[in-house]
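>>> I'd like to go over a predicted model; first the sequence, then the structure.
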Amino acid sequence: MAGFVIAHMYPDLLNLYGDRGNLLCLQQRMRWHGHDCRIKNIRLGEKIEYANIDMVFMGGGSDREQGLVYRDLAGRSDEFMARIEDGLPVLCICGAYQLLGTSYIAVNGQVMEGLKFFNFITRGAKNRLIGNVLIKACMDGDEISIVGFENHGGRTFFEDDTLQALGRVIKGYGNNGEDKKEGIKYKNLIGTYLHGPLLPKNPAAADFFLKAMARRRGVELDSRLDDYIEKIAHEQIKNRLLAK
Ligand code: GLN
């Protein structure tokens, strides 16, 4: 039995609309595979021992919380980026996704510098993009559907054509409500606007992270999980959205 550790960064600041459910889902699925999985909370200023971490998770937050987190993360961005390049599994939701870009221009005009990992910009607007979302994505070579819930004022625009979106919007708004792109995917990192939480309703996306964590440790996940109930939840929301 292996023991995995997922770092939950800023749990008291970034955690909206059930984001923490993603961690519970990963932890439980790892246990069903016969391995232990611990969640390690990392708060402002707390050091991350990357050698002991298998994945990083950051949830969404309001503009105020984002500002606090930006300042803290900026001081440790080089090492974080090096780990992402090295294939560290990372899931960033909404506000945390926005901070991976060059900047976030809030609706009041205030500019928050992003971490500049990726060349995309987010501009705030008064009317928020809210509702259920359905996207098509490619995960471990298979085309899959992903469902979730979005609620964001920020519109994210890629300024580099080589950036790969997580998926193509079928229903909902996605990155900006205009270009049909949703989220970003880079190596084992996923940034997305999908709350909900994302992973319990999309077991294929959860497995993307489990497999990446296991591969990096040389561990085989040899059991297949019974996703009967998860698939019903996924199909129900998908069909409801397609019927609209
Ligand atoms: N403050 C950001 C926005 O409204 C992020 C919100 C969120 O994380 N849900 O765009």
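Great, that's in hand. Numbering: from 1, shown residues only.
>>> switch to C-alpha atoms for all contacts and neighbour counts from now on
OK.
>>> what's the weakest-modelled helix or strand in this structure?
helix 63-74 (a mean of 87; mean pLDDT, DSSP states H and E).
>>> which strands and helices sit next to that one?
Contacts defined by 3 or more Cα pairs under 8 Å, 6 or more residues apart in numbering; DSSP states H and E place helix 63-74 against helix 95-98, strand 111-113.
>>> ok, now with 10 Å
Contacts defined by 3 or more Cα pairs under 10 Å, 6 or more residues apart in numbering; DSSP states H and E place helix 63-74 against helix 77-85, helix 95-98, strand 103-105, strand 111-113.
>>> could you give the angle of the first one to helix 63-74?
Relative orientation of helix 77-85 and helix 63-74, computed by axes from the mean of the first three to the mean of the last three Cα atoms, to 10 degrees: 90 degrees.
>>> What's the first helix or strand after helix 77-85?
strand 90-93 (DSSP states H and E).
>>> Can you tell me the strand partners of that next one and which way each runs?
Note on strand 90-93: by DSSP bridges, its sheet partners are strand 55-58 (parallel), strand 189-192 (parallel).
>>> Out of the ones you listed, which gets nearest to Phe158?
Smallest distance to Phe158 across the strands paired with strand 90-93 (Cα to Cα): 12.7 Å, for strand 189-192.
>>> what mean pLDDT does that closest one have?
The average pLDDT within strand 189-192 is 98.
>>> Following element in sequence after it, please.
Assigned by DSSP H and E, the successor of strand 189-192 is helix 198-201.
>>> for the least confident helix or strand of the chain, the distance to its chain's centre please.
The chain centroid and the centroid of helix 63-74 are separated by 17 Å, computed with Cα atoms, centre = their mean, to the nearest Å.
>>> Then stretch 141-155?
10 Å.
>>> do you know how far the nearest residue to Val219 once chain neighbours are set aside is from Arg217?
The shortest distance from Val219 to any non-neighbouring residue, by Cα to Cα, 6 or more residues apart in numbering, is to Ala2 (7.6 Å). Here Ala2 is placed at a distance of 9 Å from Arg217 (Cα to Cα, to the nearest Å).
>>> for Ala96, same thing?
26 Å.
>>> Of the two, which one has the most company?
The neighbour comparison of Ala96 against Arg217 (other Cα atoms under 10 Å) goes to Ala96, with 25 against 12.
>>> Verify the contact between the more buried one and Tyr70 for me.
Yes: if you go by Cα atoms under 10 Å, Ala96 and Tyr70 touch, sitting 9.1 Å apart.
>>> What distance do you get for Glu143 to Leu166?
11 Å.
>>> shared neighbours of those two, anything?
Counting by Cα atoms under 10 Å, 6 or more residues apart in numbering, the shared contacts of Glu143 and Leu166 are 136-137.
>>> For these two, indicate the residue with more neighbours.
Between Glu143 and Leu166, counted using other Cα under 10 Å, Leu166 has the larger neighbour count: 23 against 11.
>>> dump the residue contacts of the more buried one.
Here Leu166 is in contact with 135-139, 146, 174, 181-186, 189-192 (Cα under 10 Å, 6+ apart).
>>> Ala106 now?
Neighbours of Ala106 in contact, by Cα under 10 Å, 6+ apart: 63, 112, 122-126, 153-154.
>>> who in this protein is up against the ligand?
60-63, 94-95, 151-154 (Cα under 6 Å from any ligand atom).
>>> cutoff 8 Å now
14, 16-17, 59-64, 66, 93-96, 98, 124, 128, 150-155, 193, 195 (Cα under 8 Å from any ligand atom).
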